[in-house]
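> 3D model of this:
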Amino acid sequence: MAKFIQILIDEIIDQYVYADDTNRPWIIGFSGGKDSTVMLQLVWKAISQIKELTGIVKRDIYVICNDTMVENPIITEYVYRVLDKIEQAAEQDIPIKVIKTIPRLEDSFWVNLIGRGYPAPNNAFRWCTERLKIKPTSRFLIEQLDEFGEAIILIGTRTAESASRARSMKKHSIKGKRLTKHPTQPNTYMYAPIRSLSLEEVWYVINTMKSPWGSDNKELFQIYSDASADDYECPTVVTNKEHKSCGQSRFGCWVCTVVKEDKSMTALIENGLIWLTPLLKFRNQLSEERNFIEHRMPERRNGTAAINGMGPYYPWYRAKILERLFETQKEIQKEKPHIELITNQELVAIQTIWYRDFVFNHKVSEIYRKAYKINLDMKDQNEKHEKELELLKKSCKDKPTDFDLIQELLTLQKNKSLLNRKRGLKEDIENRIEEYLKKEK
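The predicted structure follows:
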């Protein structure tokens, strides 16, 4: 097995030094899972051997990890610890740079689900993947293409994962070449160094090969073991008697409603991580209530009729989801005080979208106050603002509804640039005035 591992390392060395005489950067997709961990370990060993032999590492190498901001917190904490170790070790050993990407504010899960009212994702409307995963990584990739013209992405996919994975890899392969063309990104190639590894061989590497950046791979093995729902991904080749079944584990977003049930989260709870229970309960409720027609508006966000009258969530239901999220966060923070399920920036963005949707009867700050019994600073109140309000009230004392209208229009204008979408402000203001005039009639 040691000889087989060295053969893989030799192939990576050959691809890095001899098969490609360009300086195209290598971009290593790293999720912290078993496959990407094995791939990075082998690449690290290969680069270290190249450095020992030649003293030169000629191309830039990036380890890129995308955080969707709704990852399973067990994985998030583990991955960020590993990335810190990789950064520290790379500074002393080889020129690898760690890049962490996150979605833009307007693309985040909660801004779209609670802010815009997008229904929880499913296979028919899987709006999350592009916004949370593809776009953040693509932005970094485009930056590299602008500088170098071409780039090579290293991926931890294996033909033994599944029949569909094998077909996909074969479809994009180039006969006699290790590199394959990226299916959507021009001037980009993919390289799968561990494509021929079986599941047992992946676990053999993890359990026998010392992590070059100083992590303890037993922790990764334990995470998979605790998240096991069955024996599908159990390694049959073990290195000592202490190794037990690692099971089938597919880690992803803790709110994922595309899958029928979250087996890994359920298994983690059953194996003692009880504090995750509120997350699973929230996720299951989100999934169960997705297609309740009483929760869905009859029109799409652009005003056209929705299929079967199942448009975005009504504002009252969005507010209810936010209230549940705060309650879930409170429960989680009893055990893990540092965990935040939603950021303050997302809360401000959600309120902004509600204003632009003419939703003025639900306030993020009030929902927060109800859950936490303290005020949330939304940064829209100060002494000067209070004086302006008093003057405005005096001016509109004969017709209070005018005061409400002006306040709403000012709110729309003030929040116009938060999500980098200034277009449509004039139309929003005109629509709000028309709505007001209809009511006045």
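
> use CA for all of it now, contacts and neighbours both
Noted.

> Tell me if Tyr317 really is in a helix.
Yes: counting by DSSP: H, G, I helix; E, B strand; the rest coil, Tyr317 is part of a helix.

> count of neighbours near the closest residue to it other than its chain neighbours?
In this structure, Tyr317 finds its nearest non-sequential neighbour in His295, 6.1 Å apart by CA to CA, 6 or more residues apart in numbering. His295 has 20 neighbours, counted by other CA atoms under 10 Å.

> What residues does His295 make contact with?
Taking CA atoms under 8 Å, 6 or more residues apart in numbering, we find His295 in contact with Tyr313, Tyr314, Tyr317.

> tell me the pLDDT at it?
Per-residue confidence at His295 stands at 97 (pLDDT).

> Could you check how far it is from Ile86?
From His295 across to Ile86, the span is 46 Å (CA to CA, to the nearest Å).

> if we can go back for a sec, most neighbours among the contacts of His295, which one?
Greatest neighbour count in the contacts of His295, by other CA under 10 Å, goes to Tyr313: 27 neighbours.

> mind listing what that residue touches?
Contact analysis of Tyr313 by CA under 8 Å, 6+ apart lists Gly117, Tyr118, Pro119, His295, Arg296, Met297.

> Break down the stretch 151-300 of the chain into its strands, ranges please.
For the stretch 151-300 of the chain, applying DSSP state E, counting those that start in this stretch gives strands covering 151-154, 180-181, 188-191.

> so which of the ones you listed gets nearest Thr208?
Among these, the nearest to Thr208 by CA to CA is strand 151-154 (22.7 Å).

> Kindly format the C-alpha coordinates of stretch 128-139 as CSV.
Extracted in CSV, the C-alpha atoms of stretch 128-139 (Å, rounded to 0.1, in the frame of the first residue of the first chain):
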residue,chain,number,x,y,z
CYS,A,128,-29.2,27.5,-3.0
THR,A,129,-26.3,25.7,-4.7
GLU,A,130,-25.4,28.4,-7.2
ARG,A,131,-25.7,31.2,-4.6
LEU,A,132,-24.0,29.5,-1.7
LYS,A,133,-21.4,27.4,-3.4
ILE,A,134,-20.7,28.0,-7.0
LYS,A,135,-20.7,31.8,-7.2
PRO,A,136,-18.2,32.4,-4.3
THR,A,137,-15.7,30.0,-5.7
SER,A,138,-16.2,31.2,-9.3
ARG,A,139,-15.4,34.8,-8.3
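
> what does that stretch contact?
With contact meaning CA under 8 Å, 6+ apart, stretch 128-139 is reached by Ile64, Asn66, Asp67, Thr68, Thr101, Ile102, Pro103, Arg104, Asp107, Ser108, Phe109, Pro121.

> The first one: what secondary structure?
The three-state label for Ile64, taken from three-state DSSP, comes out as strand.

> Excluding chain neighbours, what is closest to it?
The shortest distance from Ile64 to any non-neighbouring residue, by CA to CA, 6+ apart, is to Ile99 (4.6 Å).

> Which element, helix or strand, includes the residue positioned nearest the centre of the chain?
Nearest to the mean C-alpha position of the chain, by CA atoms, centre = their mean, lies Thr68 at 1.2 Å. Under DSSP states H and E, no helix or strand contains Thr68.

> backbone phi and psi for it, please?
phi -70, psi -10 (degrees, to the nearest 10).

> again, but for the one 10 residues further on
Main-chain torsions, Tyr78, degrees, to the nearest 10: phi -60, psi -50.

> cool, and Glu289?
Main-chain dihedrals, Glu289, degrees, to the nearest 10: phi -90, psi 0.

> ok, now Phe125?
Dihedral angles for Phe125 - degrees, to the nearest 10 - are phi -140, psi 80.

> Could you list the low-pLDDT ranges of the stretch 201-350 of the chain?
229-250 (pLDDT under 70).

> With that, I have no additional questions.
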